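Asks: From the sequence below, what's the structure:
(one chain, ligands or ions: 1)
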Amino acid sequence: MPLFDKHGRAITDLRISITDRCNYKCVYCRTGTDGPAYAELSFDEYLRMARLFVGLGITKIRLTGGEPLLRNGLVEFVRKVAKLRTVEGERPDIALTTNGDLLAGLAQPLKDAGLNRVTVSLDAVEPELFARITRVPNGFDNVVAGIRAARRAGLDPVKVNCVLLRGFNEGQIVPLGKFSREEGVIVRFIEFMPLEEDRAWSPEKVVTLKEIVETLSAYRPLVEIPHERSETARKYRFDDGVGEIGIIAPVSMPFCGQCSRVRLTSDGKIRTCLFSVWDHDLYELMRRGATDGECVRFIEDVIAKKEARHHIGEPDFVPASRTMVHIGG
Ligand code: SAM
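Replies: Residues are numbered from 1 along each chain as shown. Here you go, the predicted model:
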């Protein structure tokens, strides 16, 4: 029996941020000068939280950050998460979101430990533009090596996330479409959301699903393929069946009605929406010695109150109480 919120949505996906440190300073995410802002818990503390959530019906766990590969001990943590069992008695599906910089050396050990899938962020396939976006020199080759190592390790399907910023990298739509075809990965374009540290978002900077589809279709016809109801991405193939594209359009085509997610921040707070204006301190409860039963009741109460939807672009929009790097994307 999954967890339900008061809007009737089943909550099955947990995202755990294990650090808000990051070795990249992507222009649409960070200021370039600010560093980490929140504590990290021990892996045993995240594991206890994950166990409680899985006992409540969570079936998918995604590890994220900040940059999760910066945390020593990650492989061992994945091994322990893989030993959890869902309500149905199965292993949870374990995924990881990373910038890929350190992935080449970790893909196989992570796979061996029980990681199922990986998503790598790559916002340009031109090394110089990539360096301007990440504000780190010479990262591109590491990331491509990481993507290839993930494929070799069988962390399938390897997904590549690209955030498009108008006037910056929308010229990368077709090159990334080609990258999907050449590298055998699913490329997913994500609309830019107002979750960046320097509050530079404006509707004009968002490259929308419609524009992405039009640009790719002019290169090669696209065919839409069915997606699961809870999946956030619209999915497409090129007409010859080579390459797969996903488009995540939280701004132009919100999917809040199908949201199945809950997040844990690196310092152990529950967030029920990326755009929440408050969070819920599970770690503090645990620190004060709460029993598993007390924590479970707390989690159920918090989930019940999950927000109906975000208000991006509306006059009553209130910025989230944390930005993406400090939440865990
Ligand atoms: N460091 C990892 C990475 O680079 O993928 C994981 C954390 S990162 C915050 C997770 C995802 O959030 C990335 O795919 C990133 O592109 C995306 N992201 C960050 N800021 C965003 C924004 N303002 N709008 C949309 N997506 C954003």
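Asks: sec struct for the spatially closest residue to M324 that is not a sequence neighbour, please.
Replies: Take M324 and drop its neighbours on the chain: the residue closest to it by CB to CB, 6 or more residues apart in numbering is L195, 4.1 Å away. No exception for glycine: its C-beta is placed from N, CA and C like everyone else's. Counting by DSSP: H, G, I helix; E, B strand; the rest coil, the backbone at L195 sits in coil.
Asks: State the number of residues packed around the nearest residue to R48 once chain neighbours are set aside.
Replies: For R48, ignoring the flanking residues on the chain, the nearest one in space by CB to CB, 6+ apart is M286 at 7.0 Å. M286 sits with 20 neighbouring residues when counted by other CB atoms under 10 Å.
Asks: picking up where we left off before, dump the residue contacts of the residue nearest to M324.
Replies: 29, 201, 274-275, 320, 323-324, 327, 329 (CB atoms under 8 Å, 6 or more residues apart in numbering).
Asks: how does it look with 10 Å?
Replies: 28-29, 201, 250, 274-275, 312, 319-320, 322-327, 329 (CB atoms under 10 Å, 6 or more residues apart in numbering).
Asks: from these, which has minimum pLDDT?
Replies: pLDDT is lowest at G329 among these; the value there is 84.
Asks: can you list the residues of this protein near the ligand?
Replies: Neighbours of the ligand within the chain, by CB under 6 Å from any ligand atom: 22, 28-29, 64-65, 67, 97-99, 121, 161, 163, 190, 192-193, 195-196, 324-325, 329.
Asks: ok, back up a step: the contacts of L195, buried ones only, as a PyMOL selection?
Replies: Restricted to buried positions by 16 or more other CB atoms under 10 Å, the PyMOL selection for the contacts of L195 reads:
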select buried, resi 28+29+201+250+274+275+312+320+322+323+324+325+326+327+329
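Asks: Which member of the contacts of L195 is positioned nearest I173?
Replies: Y28 (15.5 Å; CB to CB).
Asks: and the closest one, what helix or strand is that in?
Replies: According to DSSP states H and E, Y28 maps onto no helix or strand at all.
Asks: coming back round to it: thought the residue nearest to R48 was touching M49?
Replies: Yes. Between M286 and M49 there is a contact at 7.7 Å, judged by CB atoms under 10 Å.
Asks: Next one, pLDDT for M1 please.
Replies: So, for M1, pLDDT stands at 71.
Asks: mind checking how far it is from I11?
Replies: As judged by CB to CB, to the nearest Å, M1 and I11 stand 12 Å apart.
Asks: Pick out whichever of the two has more residues nearby.
Replies: I11 (23 against 7).
Asks: mind checking the backbone torsions on that one?
Replies: Backbone geometry at I11, expressed as degrees, to the nearest 10, gives phi -100, psi 110.
Asks: That one reaches C259, doesn't it?
Replies: Yes. Using CB under 10 Å, I11 is in contact with C259, at 8.4 Å.
Asks: Give me the common contacts of those two.
Replies: Between them, I11 and C259 share the contacting residues 5, 230, 272, 306, judged by CB under 10 Å, 6+ apart.
Asks: Can you pick out the most distant pair from those?
Replies: Across the shared contacts of I11 and C259, the two lying at the largest distance from each other (CB to CB) are S230 and T272, at 15.6 Å.
Asks: Excluding chain neighbours, what is closest to the closest residue to the ligand within the chain?
Replies: At 2.7 Å from the ligand, G329 is the closest residue in the chain, using CB to the nearest ligand atom. In this structure, G329 finds its nearest non-sequential neighbour in T64, 5.9 Å apart by CB to CB, 6+ apart.
Asks: How about F275?
Replies: H310 (4.2 Å).
Asks: Alright, that wraps it up for me.
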